[in-house]
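**Q** A predicted structure for the sequence below; I have some questions about it.
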Amino acid sequence: MPTDSTAEKMLVYQLGNGGWPKQLEDKSVVNYGAPITPQLLAKIKATEDKHATFDNKATSREVVFLVKAYKKTQNKTYLKAAEKGLDYILEAQYDNGGWPQYYPDQSLYRSEITYNDDAMVNVLNILQDIATQKNDFEVVDKAYIQKAEKAVAKGVDCILKTQVKQNGQLCIWAAQYDKDSMLPAKARNFEPASLSTSESAGIVRFLMRIQSPSIGIKTALAAAIKWFDTYKIAGYRFDREKGSTAALIADPSSMVWARFYDLDKNVPIFGDRDNSIKSKLEELSPERRNGYAWYGNWGQKLIEKEYPKWLAANGK
């Protein structure tokens, strides 16, 4: 039976509950490029199920890779592992439609509904691929189609319910939410409860994948695009080249947004490791200023190409 070297390593790293860790028990980062030595194997085997996560593409990355590896090799071990990962994904979904950053670990901010770093959107894209039989996911057991459709519907409902309102007007989304109140919540000290542009762009792209979109989806998309257009910083790009201080640089071809905006005032905010919130990039400690993507062009293609194309196909 043909094998794939990376897929073989993914089988070793998969946890008992079907998910994958982003780091092992000793905090070392999962690296599929590294050979599995006896010492590394011992670390993997010592890693508990509680380390299963959707953060940093963990679990979604492996499920996608294993499905493609199965299609290429016809090695059924890969498909079986991917389907075990799907079972984990489906089990981890909250009744309100959201997904936590970690499951089953509920400590700190790990239980929050997590759009941060596209954790929930990555999962929803997999389920939408199953529901629509696209991107190689036609190979998984057909019993997953109905399960995926139901999970996607719940996920969309969660997305629509968590879209932030300002004075009754919909805008964009926060990076994470309290799992019970479904209100915006903070994560790490430098990730305050706030409007989050990078994650909102991912949410918009996912919603544009939904076939025969409801009025609710159309309304949500129109409001989000309007917000992106209103608060764009035209004529700049964010430069964080190695060795230079991160800063906005004039560039007539570019538009950027801050990563985080105040929930009410729509002004950029910047969090530092000491839990303080700054109003200017220059006020941050050097480590945080240069160590995080504080600005990005996340909404530019949405405004200029993707949403107009979607609108032409789906109407207002």
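**A** Great, that's in hand. Residues are numbered from 1 along each chain as shown.
**Q** from here on, just use CA atoms for contacts and neighbour counts.
**A** Will do.
**Q** residue 92: how many residues sit nearby?
**A** 20 (other CA atoms under 10 Å).
**Q** buried residues in the helix or strand containing residue 145?
**A** Per DSSP states H and E, residue 145 falls inside helix 143-162. Of all the residues in helix 143-162, those buried under the rule 16 or more other CA atoms under 10 Å are 144-145, 148-149, 151-152, 154-162.
**Q** what do you get for stretch 297-305?
**A** Quick answer for stretch 297-305 (16+ other CA under 10 Å): 297-300, 302.
**Q** stretch 219-232 too?
**A** 220-225, 227-229, 232.
**Q** okay if I get the residues you listed as JSON lines plus secondary structure?
**A** What follows is the buried residues of stretch 219-232, written out as JSON lines (DSSP: H, G, I helix; E, B strand; the rest coil):
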{"residue": "220", "secondary structure": "helix"}
{"residue": "221", "secondary structure": "helix"}
{"residue": "222", "secondary structure": "helix"}
{"residue": "223", "secondary structure": "helix"}
{"residue": "224", "secondary structure": "helix"}
{"residue": "225", "secondary structure": "helix"}
{"residue": "227", "secondary structure": "helix"}
{"residue": "228", "secondary structure": "helix"}
{"residue": "229", "secondary structure": "helix"}
{"residue": "232", "secondary structure": "coil"}
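**Q** where is the longest strand in the chain?
**A** strand 247-258 (DSSP state E).
**Q** against residue 69, how distant is the residue most central in space within the chain?
**A** Geometric centre of the chain, nearest residue: residue 118, 0.9 Å, by CA atoms, centre = their mean. Residue 118 sits 23 Å away from residue 69, going by CA to CA, to the nearest Å.
**Q** ditto for residue 146
**A** 24 Å.
**Q** quick one, helices of this protein?
**A** 5-13, 38-45, 60-73, 76-92, 119-132, 143-162, 197-207, 215-230, 286-290, 300-301, 307-314 (DSSP state H).
**Q** tilt between the helix holding residue 145 and helix 197-207?
**A** If you take axes from the mean of the first three to the mean of the last three CA atoms, to 10 degrees, helix 143-162 sits at 130 degrees to helix 197-207.
**Q** what mean pLDDT would you report for helix 143-162?
**A** Averaged over helix 143-162, pLDDT sits at 98.
**Q** for it, C-alpha coordinates in CSV please.
**A** Written as CSV, here are the backbone C-alpha positions of helix 143-162 (Å, rounded to 0.1, in the frame of the first residue of the first chain):
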residue,chain,number,x,y,z
ALA,A,143,-23.1,9.5,6.5
TYR,A,144,-21.1,12.7,7.2
ILE,A,145,-23.0,14.8,4.6
GLN,A,146,-26.2,15.3,6.8
LYS,A,147,-24.1,15.8,9.9
ALA,A,148,-22.0,18.4,8.2
GLU,A,149,-25.1,20.2,6.8
LYS,A,150,-26.6,20.4,10.3
ALA,A,151,-23.3,21.6,11.9
VAL,A,152,-22.8,24.3,9.2
ALA,A,153,-26.4,25.5,9.7
LYS,A,154,-25.7,25.8,13.5
GLY,A,155,-22.4,27.5,12.8
VAL,A,156,-23.9,30.1,10.5
ASP,A,157,-26.6,30.8,13.1
CYS,A,158,-23.8,31.4,15.7
ILE,A,159,-22.0,33.7,13.2
LEU,A,160,-25.1,35.8,12.6
LYS,A,161,-25.9,36.0,16.3
THR,A,162,-22.4,37.1,17.3
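**Q** could you list every helix and strand in contact with it?
**A** Under the contact criterion of 3 or more CA pairs under 8 Å, 6 or more residues apart in numbering; DSSP states H and E, helix 143-162 touches helix 119-132, helix 215-230.
**Q** in TSV: these, plus mean pLDDT and distance to residue 87.
**A** Conversion of the helices and strands packed on helix 143-162 to TSV gives the following (pLDDT from 0 to 100; distance: least, CA to CA, whole Å):
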stretch	mean pLDDT	distance to residue 87
helix 119-132	98	11
helix 215-230	98	27
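**Q** just put those in a markdown table and tack on distance to residue 92.
**A** Listed next are the helices and strands packed on helix 143-162 as a markdown table, based on distance: least, CA to CA, whole Å:
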| stretch | distance to residue 92 |
| --- | --- |
| helix 119-132 | 11 |
| helix 215-230 | 24 |
